[in-house]
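Novice: generate a structure from the sequence data that follows.
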Amino acid sequence: MRSIVFKFIVFTSVLLLFSCHRFKVRTLTYLELNDSIKKIYAPDGRVALYNISFKPNVKYLILTGESDQPRAVDLLKQKFNEIGIPYLDSITILPDNTLGEFKYAVVNNSVANFRSNPRHSAELATQYLLGTGLKILKKNNDFYLAQGPDGYISWIDHGGVVLMNDRDYSVWSQSGKIIYSESVGSVYQYKDNDAEILSDIVLGAQLKLLNIGKNYYEVEYPDKRIGHIKINEAEVYREWIQNVEPSGELIEQYAREFLGSPYLWGGTSSKGMDCSGFTKTVYLMNGFVIPRDASQQINAGLDIDKDLNLKDLEKGDLMFFGTKATTGKKQRVSHVGIWLGNDKGEFIHSASQVRLSSINPSSEYYDEFNTNRYLGSRRYLGNPDKLITNLKVDKVLTDLKP
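Specialist: Numbers count the residues shown, from 1 in each chain. Got it, this is the predicted structure:
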């Protein structure tokens, strides 16, 4: 009897050892596959989601998590099938089906604040302007995870947007618009200088155009409110985008309009902006949607100063600053500004406030700190790039595609 018990214990131990070894191999294979697929489809979590994990089971792996990259998830399952790893698919593909038909939204405030997490106390991640179209990915209580025209993914509270289904969003996106062309102003309830203010409005905001009067545009908000904007403070979007001629001069013109505007982490409007929000807004008014953050903006356009001597820079080029690479440590981009291309060596950027700085030690605006951490420059003008949207070609702000 003891012999039988001993043999059973040995057999069970070997079986468990084999099972553990097989599970370790399975886990290692999964992790390698998962990591390689994420690097291909979602290397930057700010613009693409691929958060897949697993739970072990006696007979198979349970795949859990979420992703807005269905092709990536399909590839993962395909590879599992090829290798022979049994699994149960419990992955949520975004947009989440619980949203029903409301998978789009349009910003309904002059500036909507988007957070890094679904709570009001969370860090301000970015902002989008009135009239901007969004793709809704999922809901968490009163917050929506949304993706903007620049691809950035963050959380907006329900009060800042109007949800829309496919039909309503199509009507909105195909309607004529106005674009606001002053730094900041007001929308009025009636065509009267003494009328009550309906809301504020900032540079780059868009509203549906209903009628063109002698002194006012009649406009409609995403929530159907009707307002009026002074005709000398806005332009018909279609005409504006046809006529805008992006150039170093126009970039400098808009950049200087923001001089003195306060720095705001996550800000992208004339109410306050961080360094990359400043460059993003200036380029928007030149007809481009560019990446959100400085560390993303450095990957777009043409690298025109690999030697870091500033000799080939032109007005309007973006200058990047941060920590230089060392052995075992990658370069870290943390700041961006706009080169002004004058004989004073000046650039303009948002740091404490939008201000002028210079690389010239004899200048009153000499910026020793940023001069010493200069990392290089990029040229967007005249250099088409998949990361830069030319609004003359792609109506991304008014026709966001899933």
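
Novice: next, give phi and psi for Tyr41.
Specialist: Tyr41 adopts backbone torsions of phi -100, psi -30, taken as degrees, to the nearest 10.

Novice: ok, now how distant is it from Asn243?
Specialist: Separation of Tyr41 from Asn243 (C-beta to C-beta, to the nearest Å): 39 Å. (Each C-beta comes from the backbone N, C-alpha and C, glycine too.)

Novice: same check on Val107?
Specialist: For Val107, the distance to Asn243 under the criterion C-beta to C-beta works out to 25 Å.

Novice: settle it for me: which of the two has more neighbours?
Specialist: The residue with more neighbours, out of Val107 and Asn243 and counting by other C-beta atoms under 10 Å, is Val107; that gives 26 against 9.

Novice: what's opposite that one in the beta bridge?
Specialist: Val107 has these beta-bridge partners by DSSP bridges: Val161.

Novice: repeat for Tyr374
Specialist: Going by DSSP bridges, Tyr374 is paired in beta bridges with Phe321.

Novice: please apply the same query to Leu63.
Specialist: With DSSP bridges as the criterion, the beta-bridge partners of Leu63 are Phe54, Asp89.

Novice: that one: what's it in contact with?
Specialist: 52-54, 76-77, 87-91 (C-beta atoms under 8 Å, 6 or more residues apart in numbering).

Novice: what about the helices in the chain?
Specialist: In chain order, the chain shows helices spanning 2-41, 70-83, 166-174, 237-243, 248-257, 275-284, 294-297, 368-371, with DSSP state H as the criterion.

Novice: Leu137 contacts Pro95, correct?
Specialist: Yes: A contact is recorded between Leu137 and Pro95 when judged using C-beta atoms under 8 Å, the distance being 5.2 Å.

Novice: which residues are common contacts for the two?
Specialist: Contact criterion C-beta under 8 Å, 6+ apart; residues bridging Leu137 and Pro95 by contacting each: Asp68.

Novice: hang on, Pro95 packs against Lys103?
Specialist: Yes: taking contacts as C-beta under 8 Å, Pro95 lies within contact range of Lys103: 4.7 Å.

Novice: low-confidence ranges in the chain?
Specialist: Filtered on pLDDT under 70, the chain yields the residue ranges 1-28, 395-402.

Novice: can you list the domains in it?
Specialist: For the chain, automatic domain parsing gives the domain ranges 2-93, 97-173, 175-243, 248-390.

Novice: quick one: end-to-end length of the third one, please.
Specialist: The one in question is domain 175-243. Using C-alpha to C-alpha, to the nearest Å, the span of domain 175-243 from its first residue to its last is 19 Å.

Novice: give the contact list for the most centrally placed residue in the chain.
Specialist: Most central in the chain under C-alpha atoms, centre = their mean is Tyr152, positioned 2.3 Å from the mean C-alpha point. By C-beta under 8 Å, 6+ apart, the contact list for Tyr152 reads 46-47, 114, 125-126, 292.

Novice: quick revisit: can I have the buried ones of the contacts of Leu63 as a ChimeraX selection?
Specialist: Provided next is the ChimeraX selection string for whichever of those are buried by 16 or more other C-beta atoms under 10 Å:
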select :52,54,76,87,91
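
Novice: chain neighbours aside, what residue packs nearest to Val187?
Specialist: Sequence neighbours aside, Gly227 is the residue nearest to Val187 in space, at 4.0 Å (criterion: C-beta to C-beta, 6 or more residues apart in numbering).

Novice: cool, Ser90 as well?
Specialist: Using C-beta to C-beta, 6+ apart, the closest residue to Ser90 is Thr64 (5.0 Å).

Novice: number of residues surrounding the one you found?
Specialist: Thr64: 15 surrounding residues under other C-beta under 10 Å.

Novice: can we start the residue count at 50 from this point?
Specialist: Got it, first residue is 50 now, which makes that one Thr113.

Novice: so what's it up against?
Specialist: Counting by C-beta under 8 Å, 6+ apart, Thr113 touches 101-104, 139-140.

Novice: repeat that with 10 Å
Specialist: 100-104, 137-141 (C-beta atoms under 10 Å, 6 or more residues apart in numbering).

Novice: swap in Pro340?
Specialist: 93, 95-96, 199-201, 325, 328-329, 346-350, 434, 436-438.

Novice: so which of those sit within strands?
Specialist: Thr438 (DSSP state E).

Novice: buried ones among the contacts of Pro340?
Specialist: Neighbour-count burial (16+ other C-beta under 10 Å) applied to these gives 95-96, 199-201, 325, 328-329, 346-347, 349-350, 434, 436-438.

Novice: run a quick neighbour tally on Arg287.
Specialist: Here the neighbour count serves as a burial measure; for Arg287 (other C-beta under 10 Å) it reads 15.

Novice: isn't Ser235 up against Ala254?
Specialist: No: counting by C-beta atoms under 10 Å, Ser235 stays clear of Ala254, with 11.7 Å between them.

Novice: all good on my end, thank you.
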